Structures are given as C-alpha cells and as structure tokens.
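>>> sequence plus the predicted model coming up.
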Amino acid sequence: MRTRDFFLVVTAACLWGTGGLLGAVLAEGSDVPPASVAMWRMLIAGVALSAWVALRGGARGGFGGIGAAGWRRVLVTATLTAIFEVLYFTGIALAGVGLATLVTIGSAPVWVALWDAVALRRVPPPRSLGALGLALVGLVALSASSLHAGADALAGVAVALVTGAAFAGITVVNRAPVPGLGSVRLVALSFGIGGLVVLPVAALTGWGVPAGVDGWTVALVMGLFSTGLAYVAYLAGLVTVPPFVATVVSLLEPLVAAVLGAIVLGERLGWWGVAGGAALAAAVVLLRPQRDAQVDPA
C-alpha cells in the first residue's frame with residue numbers, strides 16, 4: 001500500500017465530510033429536498049468532470065478507447081452510486097440522520113470483510129480488524145448525541161444496511177483499475193449517468209433547485225469538491241489501498257462533518273464526541289502504511 005494512495009483515501013473521506021454541511025446549507029437556504037440534493041451533486045460532478053476530460057482529450061478523443069470492460073465498469077459504478085444516494089436519504093427519512101448514518105457507514109467495512117472472506121477466502125489482518133473495532137466504537141461515541149430513532153427505525157436500519165452494502169460494492173468493484181479508464185473518466189461518466197438515474201426519483205419524491213447565487217455556489221462546491229474530487233481521489237487510492245482499509249478510513253467522514261458543524265454551525269460536540277473523534281483518528285493512524293511499498297491491491 002503506497003502512502004500517496006492512502007492519503008488520497010483520507011482526502012476523499014475529509015471531502016465527503018464537507019458534503020453534509022453543504023447539503024444542510026443547500027437544503028435550508030434553497031429549500032432543496034434530499035433527493036434533489038443527491039441529484040444535483042451527482043450531475044454537477046459528472047458534467048464538470050466530463051467537460052474537463054473532453055477539454056483535455058483533444059486529439060486523443062476525450063472518452064475514446066474506453067472499451068467494453070470500461071463501459072461495464074462505468075455502468076455498474078453508476079448503478080451502485082445511484083442506489084447508494086437514493087437509499088441513504090430514504091434511510092434517513094425512516095430512521096433519522098444519526099442512526100441511518102451510523103449503520104450505513106459502519107456496515108460498509110463489515111460488508112467488504114464478508115465479501116473477502118466468502119469470495120476470496122481472505123480475512124483482514126489483526127491490525128486492520130483492531131482498527132475497525134476502534135473506529136466503530138469511535139463512530140458510536142461521536143454519534144451518541146444524534147442517535148434518535150425515527151418512527152420507522154427497523155425499516156430504516158434495514159435500508160441503511162443495504163446502503164452500506166452499495167458503498168461496499170462501489171469499493172470492491174473498483175479494487176482493480178480497468179486499462180484505459182482512469183478515476184477521472186470513471187467518475188465523470190458514472191456520476192453523469194447516475195445523476196440522470198436519480199432525476200426521476202427526485203421528481204417524484206421532492207423537486208428543488210438551488211436559489212440565487214448563494215444557492216448555486218453551495219451546490220457547485222458540493223458537486224465539484226465534496227463529490228467529484230472526493231470520488232476521484234477515493235477511486236485513485238484503491239489502486240493500492242485494500243477495499244477493507246479504504247472503507248474503514250471512510251469513517252473519517254462523520255468526524256469531519258461533526259467538527260465543521262461545531263465550527264460553522266455552533267453545534268456542541270461534547271466529551272463523548274471528542275472521545276469518539278480521537279478513536280476514529282487513532283484507527284486511521286493504526287491503518288497507515290508501515291512502509292511505502294506497492295502491494296497486491298486485492
């Protein structure tokens with residue numbers, strides 16, 4: 001596992017953490033429902049990155065030479081991403097933000113570990129399992145103040161488990177790159193297609209458009225950085241970072257969101273939150289590369 005790739009995954013988790021704050025600002029300031037927030041962030045990321053690829057492509061053709069294997073990867077990633085976005089907000093509506101987020105993010109590394117054990121006959125090493133346990137304890141402590149179950153908590157937890165499986169699927173599917181399909185092209189096409197898939201869901205469950213310059217500025221920052229750049233970094237890091245390690249590191253997302261909420265929105269983190277954040281940070285340190293060497297990413 002290369003140090004550079006590990007920090008790409010860390011960067012992705014930190015950028016995802018800004019998405020919660022920006023999504024809340026967009027929803028409140030522009031009255032944009034959750035499904036529309038998901039749609040806009042995906043479409044903006046897909047369109048912006050597609051334009052970047054096309055401009056850089058020049059004589060090379062931009063999206064030319066992807067091949068059948070590349071397009072299969074794009075379609076699978078787009079489908080899993082659309083499922084993740086829609087089910088995530090569905091779980092929140094059923095079980096509440098804290099519980100749905102806890103189950104979704106916390107279950108992803110467990111799903112990856114189960115897949116590796118069944119499909120590859122491979123179990124994460126003790127250090128990685130220890131980091132997962134530490135991270136999950138930290139996640140529960142960090143989320144303790146927001147664990148208020150919604151009216152349909154059991155259904156919400158079930159949906160959140162499937163949502164976590166979808167994120168794990170995105171990670172496992174992209175554990176090995178497809179020749180001719182870099183992470184920028186993959187995210188550009190997958191999120192463009194995924195955003196179109198989510199569009200009818202947004203139209204049926206609640207349509208909203210960012211209002212004014214401030215609303216569109218928030219939407220653009222969320223689409224470009226919290227979504228597009230974050231997924232480009234994450235998928236690029238998977239070249240050498242094992243999926244199990246990547247999903248554990250992604251648990252940094254709620255820590256960043258909680259810190260930003262305390263700084264920007266004045267939310268109280270509390271001693272449990274501080275302890276949980278310290279545990280999450282310690283888990284990431286425990287997983288850091290012991291030496292800067294490329295290993296089998298599988």
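Received, thanks.
>>> now for the helix or strand bottoming out on mean pLDDT in the chain, which elements pack on it?
The helix or strand of the chain with the poorest confidence is helix 252-264; it has a mean of 82 (mean pLDDT, DSSP states H and E). Using 3 or more C-beta pairs under 8 Å, 6 or more residues apart in numbering; DSSP states H and E as the contact test, the elements touching helix 252-264 are helix 3-30, helix 97-119, helix 126-143, helix 270-287. Quick note: C-beta positions are derived from backbone N, CA and C, even for glycine.
>>> let's see that helix as PDB, backbone CA atoms only.
The C-alpha trace of helix 252-264 is given here as PDB (Å, rounded to 0.1, in the frame of the first residue of the first chain):
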ATOM      1  CA  LEU A 252     -13.500   9.800   9.000                       C
ATOM      2  CA  GLU A 253     -16.400  11.400   7.100                       C
ATOM      3  CA  PRO A 254     -18.700  11.900  10.100                       C
ATOM      4  CA  LEU A 255     -15.700  13.200  12.200                       C
ATOM      5  CA  VAL A 256     -15.000  15.900   9.700                       C
ATOM      6  CA  ALA A 257     -18.700  16.700   9.400                       C
ATOM      7  CA  ALA A 258     -19.000  16.900  13.200                       C
ATOM      8  CA  VAL A 259     -16.000  19.300  13.500                       C
ATOM      9  CA  LEU A 260     -17.300  21.500  10.800                       C
ATOM     10  CA  GLY A 261     -20.800  21.500  12.400                       C
ATOM     11  CA  ALA A 262     -19.200  22.700  15.700                       C
ATOM     12  CA  ILE A 263     -17.100  25.400  14.000                       C
ATOM     13  CA  VAL A 264     -19.600  26.700  11.400                       C
END
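>>> any idea how far it is from the middle of the chain?
Distance of helix 252-264 from the chain centroid (C-alpha atoms, centre = their mean, to the nearest Å) equals 15 Å.
>>> and the angle from that helix to helix 126-143?
Counting by axes from the mean of the first three to the mean of the last three C-alpha atoms, to 10 degrees, helix 252-264 lies at 30 degrees to helix 126-143.
>>> can you pull the buried residues of helix 252-264?
Leu252, Glu253, Pro254, Leu255, Val256, Ala257, Ala258, Val259, Leu260, Gly261 (16 or more other C-beta atoms under 10 Å).
>>> and it with helix 270-287, angle?
Angle of helix 252-264 versus helix 270-287, following the same axes, to 10 degrees, is 140 degrees.
>>> thinking again about what came up before, as JSON lines, the buried residues of helix 252-264 with distance to Ser36 would be great.
Shown next, in JSON lines, are the buried residues of helix 252-264 (distance: C-beta to C-beta, whole Å):
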{"residue": "Leu252", "distance to Ser36": "27"}
{"residue": "Glu253", "distance to Ser36": "21"}
{"residue": "Pro254", "distance to Ser36": "23"}
{"residue": "Leu255", "distance to Ser36": "27"}
{"residue": "Val256", "distance to Ser36": "23"}
{"residue": "Ala257", "distance to Ser36": "20"}
{"residue": "Ala258", "distance to Ser36": "25"}
{"residue": "Val259", "distance to Ser36": "27"}
{"residue": "Leu260", "distance to Ser36": "22"}
{"residue": "Gly261", "distance to Ser36": "22"}
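>>> what's in contact with the least confident helix or strand of the chain?
Applying C-beta atoms under 8 Å, 6 or more residues apart in numbering, the external contacts of helix 252-264 come out as 10, 13-14, 16-21, 101, 105, 138-139, 142-143, 267-269, 273, 276-277, 280-281, 284.
>>> out of those residues, which are buried?
10, 13-14, 16-21, 101, 105, 138-139, 142-143, 267, 269, 273, 276-277, 280, 284.
>>> ok, back up a step: and the helices and strands packed on helix 252-264 as JSON lines, adding mean pLDDT and distance to Gly65?
Conversion of those to JSON lines gives the following (pLDDT from 0 to 100; distance: least, C-beta to C-beta, whole Å):
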{"stretch": "helix 3-30", "mean pLDDT": "87", "distance to Gly65": "24"}
{"stretch": "helix 97-119", "mean pLDDT": "87", "distance to Gly65": "30"}
{"stretch": "helix 126-143", "mean pLDDT": "89", "distance to Gly65": "36"}
{"stretch": "helix 270-287", "mean pLDDT": "88", "distance to Gly65": "35"}
